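In: Okay, here's the prediction I keep looking at, along with the sequence it came from:
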Amino acid sequence: MINVVASEWLKLRSLRSTYYVLASTLSALVLSGFAAFSISHYFDTKGAGGELVGTGLSFSADIPPILFGMLGVLAISGEYGTGMIRLTLTTVRRPWMLLLAKVSVVATVAAVAGQVLAFATYFTAQAVVAGRPIGASFAEPGILTEVLATGAGSAVAAVTGLALATILRSTPGALIALVALMPAPAGVERFLPAPWNDWTGSLTIASLTRQLAGVPDAGAFGPALAAAVLASYVVIAFLTAALAITRRDA
């Protein structure tokens, strides 16, 4: 298993798309910095009463899950496109083991990169705020937890993307499905009555990540239930993808 994981790590590092996706995550940093600047300018000109910057993570919360989901898609979809997956499955006799190795590598990379991005976003926002009473300090309850929870959400998104690509075996199809499914709960909630709308809208990975950290008004779930839902995403994604890669010819 260790050799399979090492092989998958080498594959992921050799893909140019990996670096493109990771570079694209900086767009979240730029967006949060711009939002923090705009709110700070409003505070300077009109005083208190406007929106708070807080950690700065909420302004770009929907971007990392989609981008890290793309990382998961591209980690395996290229092998289906080139037919290399056949050689891989010939070498690794147990398809579920191959999938587990890919999940381990992709989830780890996404978690680390997502966590680095979260800290960078937080410190950028606080640097822009520059001591104004609209930011957030790690000394405040729940602030560090909110930043730390981002890595978990990034990992879940990457596993979801990997599962979609394994099931669909198509890069365009998996990317379209990813972009459509990620914000789907937030769109569906508009057509549902209470309390179903609140529960449905709370099912996005971005929202669940904030609920996991216990951010007030982030959604209808508490931290424990949010953690359970995120874990269920990973389990369902892995089992469905494992079933697809095991029962179908590569």
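Out: Here it is on my side, so go on. Here the structure is a predicted model, which is why all the values come from computation and not from measurement.
In: Residue 63 against residue 29, yeah?
Out: No: assessed by CB atoms under 8 Å, residue 63 is found out of contact with residue 29, at 9.5 Å. Bear in mind the C-beta positions are built from the backbone N, C-alpha and C, glycine included.
In: Wait, residue 202 touches residue 219, no?
Out: Yes: applying CB under 8 Å, one finds residue 202 in contact with residue 219, separated by 3.3 Å.
In: Please enumerate the shared neighbours of those two.
Out: Common neighbours of residue 202 and residue 219 (criterion: CB atoms under 8 Å, 6 or more residues apart in numbering): 208, 211, 226.
In: and which of those residues is nearest residue 12?
Out: Set against residue 12, the nearest of those by CB to CB is residue 208 (25.1 Å).
In: Output the helix-or-strand element of the chain with minimal mean pLDDT as CSV - backbone C-alpha positions only.
Out: One helix or strand of the chain scores below all others by mean pLDDT, DSSP states H and E: helix 84-91, with a mean of 77. Taking Å, rounded to 0.1, in the frame of the first residue of the first chain, the C-alpha atoms of helix 84-91 are listed here in CSV:
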residue,chain,number,x,y,z
MET,A,84,-3.1,4.7,-18.6
ILE,A,85,-5.7,3.6,-16.0
ARG,A,86,-5.5,0.1,-17.6
LEU,A,87,-1.8,-0.2,-17.0
THR,A,88,-2.3,1.1,-13.5
LEU,A,89,-5.0,-1.5,-12.7
THR,A,90,-2.8,-4.2,-14.2
THR,A,91,-0.1,-3.3,-11.7
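In: thinking residue 226 is in contact with residue 211, fair?
Out: Yes: under the criterion of CB under 8 Å, residue 226 makes contact with residue 211 at 3.8 Å.
In: list the residues that contact both of the two?
Out: Joint contacts of residue 226 and residue 211 (CB under 8 Å, 6+ apart) are 202, 219.
In: Mind jotting down where the strands sit in this protein?
Out: Shown for the chain, no strands are assigned by DSSP state E.
In: what's near enough to touch the residue lying closest to residue 142 once chain neighbours are set aside?
Out: Residue nearest to residue 142 in three dimensions, not counting chain neighbours: residue 214, with 5.5 Å by CB to CB, 6 or more residues apart in numbering. Residue 214 is in contact with 142, 145-146, 222-223, counting by CB under 8 Å, 6+ apart.
In: 10 Å - rerun?
Out: 141-142, 145-146, 149, 222-223, 226 (CB atoms under 10 Å, 6 or more residues apart in numbering).
In: cool, residue 163 as well?
Out: Residues counted as contacts of residue 163 (CB under 10 Å, 6+ apart) are 69, 72-73, 76, 99, 102-103, 174, 178, 233-234, 236-242, 244-245.
In: residues near residue 199, how many?
Out: Other residues within reach of residue 199, judged by other CB atoms under 10 Å, total 15.
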